[in-house]
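**Student:** need a 3D model of the following:
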Amino acid sequence: MLGLSKAKIRVNRLWNITKTVFPETPLIIYPNYNHYKSMEKIKNRLAQERSPYLLQHAENPVQWYPWGDEAFEKARSEKKLIFLSVGYSTCHWCHVMEHESFENQDVAAVMNEHYVNIKVDREERPDVDQLYMTFVQAACGQGGWPMSVFLTPDLKPIGGGTYYPPNDAYGRPGFKTILLHMAKKWKNDSNSMLENSTKLMKILENTTAFDIQLGTELSNIMKPNPKTWITCYSQIEIIYDDEWGGFGMPPKFPQPTILDFLFHVSYKMSKSSEGKKSLEMALTTLQKMTMGGIHDHIGQGFARYSTDEKWHVPHFEKMLYDQAQLAVSYTTAFQITKHEQYSDVVHDILQYVGRDLSHEQGGFYSAEDADSLPTADSTKKREGAFFTWTQEEVKTLLDKPLDSKSNIKLSELFCWHFSVLPNGNVRPDSDPHGELLDQNVLIEFRSKENTAKKFEITVENVEKELKIAKNILYEARKNRPRPHLDNKIITSWNGLMITAYSRAASAFNVEEYKQRAIKAAEFLEMHAWDSNINLLLRSCYVNDDGNIANIDKPIPGFLNDYAFLIRGLLDLYECTLQSRWLKWADELQTQQDELFWDKEKFGYYSSSDKDPSIILRFKSDQDGAEPAGNSISALNLLRLSILTEKSEYRSKIDPLFLTFAGRLSNSPSALPTLVSALTLHVDSMTSVYVTGDLDNPDLASLLSTIRQRYMPNLVLAHADKNSLSELAKGLAIAENGKVAAYVCKNNTCNLPVHSTEELIALLDGTVEKPNSVVA
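**Tutor:** Next up is the predicted model:
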């Protein structure tokens, strides 16, 4: 997108403007948890919302408004600044700022007198979040949540940051001081602030601009290098942690987009040093995460990130999108290695999601909080309270002899294996606020083989005893107050989960997983898709009675909602070979192209142009906690162009890559999923068409051969008379109901094969049969 030097110039210009109107403040000063003001419980306008995050603030003394015309009109008519606060319901620092400032009557009085105050759930409105987070990151050098932004009445940003402490400290102004400063400056010098806001917006517009024009000859544009994957691999290898796995310095995130890219490189270059190193990096990271505290050894699933390099002490919130993507990565690891240590984790994740993040009708909830009450009698929540243990608790609960060796207590083996210590096992630098004093975060620093040697029992008995211990602790943990559950059902994240269940169902041949994926897709079809106007919704909600509902003005879906659901449906189609899912994916892609495709400069915008309150639209160009919508769209277009043979899909593929040519050239590791898509495009996809009755055991055998393999370049389709592609229809007619498989690449298909041995030979490239069909 931008060269580094150009970006730095623009960021510096942005900072020079903002610092003249906004006093320099830290992004984070550790809070005083004991400073809580009394408050009167009077509900504000957020009480009418359905977002769990907005409802958390419904009884604040702050006169909060949801994002919408009522708030905008009030700001314009009263000529007031807008204070915009953006967060999400499981955000630890959002809770802190609420308690310290938004529940404080004095702070609320200042906010209500001088500002129109707007609360936004970033998970409901990623467009609002992206717009103003881009500003905050450029102005402050970093960002995070809660995000705090000051806007003019016409919604232009003039200052902002993240968490602000309530009071002045260490020579820095507190939140109340900042509020008064901005209000005074607006009252006395609004013209200069408006002038600055115009300059800021111009800089943001230039920073996010893409310069490719429709009429430009493609040969004259800097094209993405087909060897971009090599640069991407090299950039990732540099930041790889050889000892503990993972990438970059703490805090360490799982980064499944990087893991999936590395698996792709290991497939593409299996015999090379790069391929072998890629596989080593991905597998080591998954192994260390499995053993780490980021993995919930008692209740399954993974936390959002680790605060240290060893994956030991996590930020304990659990996000649906992490579970979905990691389930896919571990599934891939099993397909490659056939080692049960990876399949066990897939089942672990899906057990957690199915039990704790699932609505009975089929949708998936968003997240579980990091904070909870330590006991039912507690009045103050603590981070990690639900997940950590004192050694005394463990000894009391596991005070029984081993089944396999009666002179050793179960607690002794468990404490040894999971490093449970008398004074806790959390380093002070991983616990700056002292919330984890004397607590233990379970981590497997020792292997089961080492534990078996220590206690002179077999590895099998170690596994058996640990399973018994985990079950006891799980039952005990159920008596603790649970963390808050954000039961908002987000379409894009549900799409990721459909992919996870579909791929696991295919790889492990588990009918339950297939049915769960179908149930989720049917749920979205019923509650998030308006077939009358071909509109996908961003989210839906759960009433107190458990029924599904929506807000009065439903939020239309964004690029990620369409792209992630399309991929989920394509994976579900390959899992079931039911054409209904392919047809719906086709419908959604058509609508996505209509709403988000930039006809002049290519690529997909993250949001449509239907909402005038979004004063600047962006094109997602980074695979972060979630893959970028453009990255997944590239993969979807590659698959759909084969499955439907539609030229309108094929014609968008090259322009999409060209849109991000600069980004792919300079910083490909920021877009590993898009690099994978580019590599697949350059190398050409392989498609396998199967014919015959889906209930035929011979066809099931062929399908099992395909599905158990890791082939990132493969598209699977059932050829029948109702297929969307003419090639598939022709193959179905040629076979006339017989079971067969056609392997096709570069517009050419091999002769049909009818046995698993022949199919394996073709897929492995060990034999090439004469061409029979030109696609």
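**Student:** surely residue 524 touches residue 494?
**Tutor:** Yes. The criterion here is Cβ atoms under 8 Å, and residue 524 meets it with residue 494 at 5.9 Å. Glycine gets a C-beta too; all of them are placed from N, C-alpha and C.
**Student:** and the helix or strand hosting residue 469, C-alpha only, in CSV?
**Tutor:** Assessed by DSSP states H and E, residue 469 sits inside helix 459-477. What follows is helix 459-477 as a C-alpha-only set of coordinates in CSV (Å, rounded to 0.1, in the frame of the first residue of the first chain):
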residue,chain,number,x,y,z
VAL,A,459,2.9,-43.3,30.0
GLU,A,460,-0.5,-44.9,29.5
ASN,A,461,-1.1,-44.8,33.3
VAL,A,462,0.1,-41.1,33.4
GLU,A,463,-2.5,-40.3,30.8
LYS,A,464,-5.2,-42.2,32.6
GLU,A,465,-4.4,-40.5,36.0
LEU,A,466,-4.2,-37.0,34.5
LYS,A,467,-7.6,-37.6,32.9
ILE,A,468,-9.1,-38.6,36.2
ALA,A,469,-7.6,-35.5,37.9
LYS,A,470,-8.8,-33.2,35.1
ASN,A,471,-12.4,-34.5,35.5
ILE,A,472,-12.3,-33.9,39.2
LEU,A,473,-11.1,-30.4,38.8
TYR,A,474,-13.6,-29.7,36.0
GLU,A,475,-16.5,-30.8,38.3
ALA,A,476,-15.1,-28.6,41.1
ARG,A,477,-14.6,-25.6,38.7
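**Student:** give me the contacts around it.
**Tutor:** Helix 459-477 is touched from outside by 297-299, 386, 389, 393-394, 397-398, 402-405, 410-411, 413-414, 417, 448-449, 451-452, 455, 457, with contacts defined as Cβ atoms under 8 Å, 6 or more residues apart in numbering.
**Student:** following it, which helix or strand comes up?
**Tutor:** strand 485-486.
**Student:** from residue 300, how far off is residue 344?
**Tutor:** As for residue 344, its distance to residue 300 is 11 Å (criterion: Cβ to Cβ, to the nearest Å).
**Student:** those two - which one has more neighbours?
**Tutor:** Set residue 344 next to residue 300 and count neighbours by other Cβ atoms under 10 Å: residue 300 wins out with 22 against 13.
**Student:** who's in contact with that one?
**Tutor:** With Cβ under 8 Å, 6+ apart, residue 300 has these contacts: 348-349, 351-352, 355.
**Student:** JSON lines for these, including pLDDT, distance to residue 124 and neighbour count?
**Tutor:** JSON lines is the format used below for the contacts of residue 300 (pLDDT from 0 to 100; distance: Cβ to Cβ, whole Å; neighbours: other Cβ atoms under 10 Å):
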{"residue": "348", "pLDDT": "98", "distance to residue 124": "30", "neighbour count": "22"}
{"residue": "349", "pLDDT": "99", "distance to residue 124": "25", "neighbour count": "26"}
{"residue": "351", "pLDDT": "98", "distance to residue 124": "28", "neighbour count": "13"}
{"residue": "352", "pLDDT": "99", "distance to residue 124": "24", "neighbour count": "20"}
{"residue": "355", "pLDDT": "98", "distance to residue 124": "25", "neighbour count": "11"}
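**Student:** just to revisit the earlier point, which of residue 524 and residue 494 has more neighbours?
**Tutor:** residue 494 (30 against 25).
**Student:** phi and psi next, for the nearest residue to the more buried one once chain neighbours are set aside.
**Tutor:** Counting by Cβ to Cβ, 6 or more residues apart in numbering, residue 494 lies nearest to residue 364, which is 5.1 Å off, once chain neighbours are set aside. Per-residue torsions, residue 364: phi -110, psi 140 (degrees, to the nearest 10).
**Student:** for residue 364, give the beta-bridge partners.
**Tutor:** residue 358 (DSSP bridges).
**Student:** good, we can wrap up now.
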